[in-house]
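In: Fold the following for me, if possible:
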Amino acid sequence: MPAINGSSTTPSRPLRPGVWAPIPTFFLPNSQDLDIPTLKKHVIHIAHANIGILLCGSMGEAHHLSPEERIIVITSAREALDSVGLTTTPIIAGTGAGSTRESIKLSKEAAQAGADYAIVIPSGYFAGAIANDRAALKTFFKEVSEGSPIPVMIYNYPGASGGIDMDSDLIEEMAMENPNICGVKLTCGNVGKLTRIAATVSIPSFEKEYPRKNKDAPFMVLGGFIDFLLPSLYANAHGAITGLANLYPYTIAALWAASNATLPTASGHSSDAAELLREAQQLQGVVARADRTIAVSGIAGTKWLMEKRYGYGGVCRRPLSPLSNSAGETLLAHRHAIDIERLEKEIEVQKGVERKQQHHGLKNGVTVSNGNGVVNGVSVSNETPSPPSGHSSASSTSHASSPRTPSDAHSPVVPPSPVTAAVKKGKGHSRSGSLTSSLRSLVGSRKGKKTTVE
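Out: All right, here's what the predicted structure looks like:
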């Protein structure tokens, strides 16, 4: 029997609630060949921040990759994680293709290359014929999930699938009828849809009546944007897949931890519940504003900012154009980008992240620990990179057709934001712009062990 997940003795890599980053695919500037060293470097950096790894999604320009290149990307990421001891860190890989047959083939190859879970978007080439054909869509996901050796996640992103937008009834039906389907990513941005699906799949009776084929892969409901993570947890969702985590992974991990800290336990709310909620709301506000502003710049904008922040990022594969320097500088100077950059730097310092200057950016890396517990009926653990573990987009994918397009995304004027004003007044954050003591405790600090992505 061929090896699955890159090894004949694969460790357990459960799918758990949390946040994933849809990893960009990096290309050499002239040849546009795959830049594997940079891919490995970035995967390690993101995993060390306790953010999950999703490959070959929209942010990863899967549509621009050959099937062989997708497998190289997956294999390389698995090698990178294993090389630093992250052998239990799961990989989600995009395996959606133009046909059912090719999607199944890619899922099998991805499993052998080291992927633990597949995420599949229906092809939009013939969207005019299948967008309103519920039977065709159900058959597609039924056949792909049955043919895949690894669990399959539904990817609902109308902007990247010719407008195909599956409703909550259809997604719930597929969840009930296909035990190898392990969740859904909603980049449609429909909060009501997320709430309805989560209400159905998160009750204990759902798991009993419709058990999953793989006990490590419960059905999870994930937002395709990070701008409503906190309220989504109160609707029984399980996390998010967000491209913003490629730029500010420690801030995103802090938001996950802060949001979970506000949820009641079996014994009720903690004595400082109101303060924790207020602080989580502030953090969510910073992240939501940055998400909205940076997402509309697409893959090119995310890579431009990565080049500034890390010294790597590079170009998109043509025909996607790079972001102009003038647009990039405007984006960098936007008040929303300034606020989240300040928070990220502070958390990096608190966690002892060693920072090395290269070109315009910084290279970071450190291992972060989280507690164990349960999030909306699904257990969480500190053994995986997702904060207590948990994407493909600048917020989640390319956002080429994102429904969230702010009019002020590239505003050349940078007035003080509410957070900036609060910092100056000493509200919520200290006058130096630091986290509050409660958030600082949640974020935690790892003294002594420092690693740097070279």
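In: do you know how far residue 34 is from residue 223?
Out: From residue 34 over to residue 223 the distance is 29 Å, taken as CB to CB, to the nearest Å. All C-beta spots, glycine's among them, are computed from the backbone N, C-alpha and C.
In: Who has more neighbours out of these two?
Out: Per other CB atoms under 10 Å, whichever of residue 34 and residue 223 has more neighbours is residue 223, with 29 against 18.
In: Can you pull the phi and psi angles for the more buried one?
Out: With angles defined as degrees, to the nearest 10, residue 223 sits at phi -80, psi 150.
In: Verify the contact between it and residue 237 for me.
Out: Yes: the pair residue 223 and residue 237 passes the contact test of CB atoms under 8 Å, sitting 6.4 Å apart.
In: Return every residue with contacts to both of the two.
Out: Overlap between the contact sets of residue 223 and residue 237, as judged by CB atoms under 8 Å, 6 or more residues apart in numbering, is given by residue 194.
In: and residue 128, how many neighbours does it have?
Out: Residue 128 is surrounded by 10 other residues when neighbours are defined as other CB under 10 Å.
In: show me the contacts for the spatially closest residue to it that is not a sequence neighbour.
Out: Nearest non-adjacent residue to residue 128, counting by CB to CB, 6 or more residues apart in numbering: residue 162, 7.5 Å away. With contact taken as CB under 8 Å, 6+ apart, residue 162 is in contact with 123, 124, 125, 126, 127, 128, 131.
In: From the residues you listed, which land in helices?
Out: When the contacts of residue 162 are checked against helices (DSSP state H), the matches are 127, 128.
In: Weed out the non-buried ones from the contacts of residue 162.
Out: Neighbour-count burial within these applies to 123, 124, 127, 131; the criterion is 16 or more other CB atoms under 10 Å.
In: Run a quick neighbour tally on residue 225.
Out: A count of nearby residues for residue 225, using other CB under 10 Å, gives 30.
In: Quick check: it touching residue 190?
Out: No: in terms of CB under 8 Å, residue 225 does not count as a neighbour of residue 190; the distance is 10.5 Å.
In: of the contacts of residue 162, closest to residue 345?
Out: residue 124 (39.4 Å; CB to CB).
In: what sits against the closest one?
Out: Taking CB under 8 Å, 6+ apart as the definition of contact, the neighbours of residue 124 are 160, 161, 162, 163, 164.
In: among those residues, which ones are buried?
Out: Buried subset of the contacts of residue 124 (neighbour count, 16+ other CB under 10 Å): 160, 161, 162, 164.
In: Look up how far residue 53 lies from residue 67.
Out: With CB to CB as the criterion, residue 67 and residue 53 are 20 Å apart.
In: repeat for residue 139
Out: The spacing between residue 139 and residue 53, counted by CB to CB, is 30 Å.
In: Of these two, give the one with the bigger neighbour count.
Out: Set side by side, residue 139 and residue 53 show unequal neighbour counts under other CB under 10 Å, the larger going to residue 53 at 29 against 13.
In: For the more buried one, report the pLDDT, please.
Out: Note for residue 53: predicted pLDDT of 98.
In: And residue 353, by the same measure?
Out: pLDDT at residue 353 comes out at 81.
In: Same question for the one 5 residues further on.
Out: For residue 358, the pLDDT comes out at 39.
In: Please apply the same query to residue 342.
Out: Model confidence at residue 342, given as pLDDT, is 96.
In: What of the one 4 residues further on?
Out: Model confidence at residue 346, expressed as pLDDT, equals 95.
In: Roughly how far does residue 203 sit from residue 192?
Out: If you go by CB to CB, the gap between residue 203 and residue 192 works out to 18 Å.
In: list the contacts for residue 139?
Out: residue 100.
In: to the chain's geometric centre, what's the distance from stretch 236-249?
Out: Computed by CA atoms, centre = their mean, to the nearest Å, the chain-centroid distance of stretch 236-249 equals 4 Å.
In: ugh, typo on my part, it should be stretch 321-339
Out: On the basis of CA atoms, centre = their mean, the separation between the geometric centre of stretch 321-339 and that of its chain is 21 Å.
In: Which of the contacts of residue 124 sits closest to residue 244?
Out: Distances from the contacts of residue 124 to residue 244 were compared by CB to CB; the smallest belongs to residue 160, at 17.6 Å.
In: Helix, strand, or coil at the spatially closest residue to the closest one that is not a sequence neighbour?
Out: Among residues not flanking residue 160 along the chain, residue 58 sits closest, at 5.2 Å (CB to CB, 6+ apart). In the three-state summary, residue 58 is assigned as coil, counting by DSSP: H, G, I helix; E, B strand; the rest coil.
In: quick one, longest helix in this protein?
Out: With DSSP H setting the assignment, residue counts place helix 273-295 as the longest helix in the chain.
In: Which neighbouring elements make contact with it?
Out: Using 3 or more CB pairs under 8 Å, 6 or more residues apart in numbering; DSSP states H and E as the contact criterion, the secondary-structure elements in contact with helix 273-295 are helix 229-234, helix 249-261, helix 298-310, helix 335-350, helix 418-425, helix 437-443.
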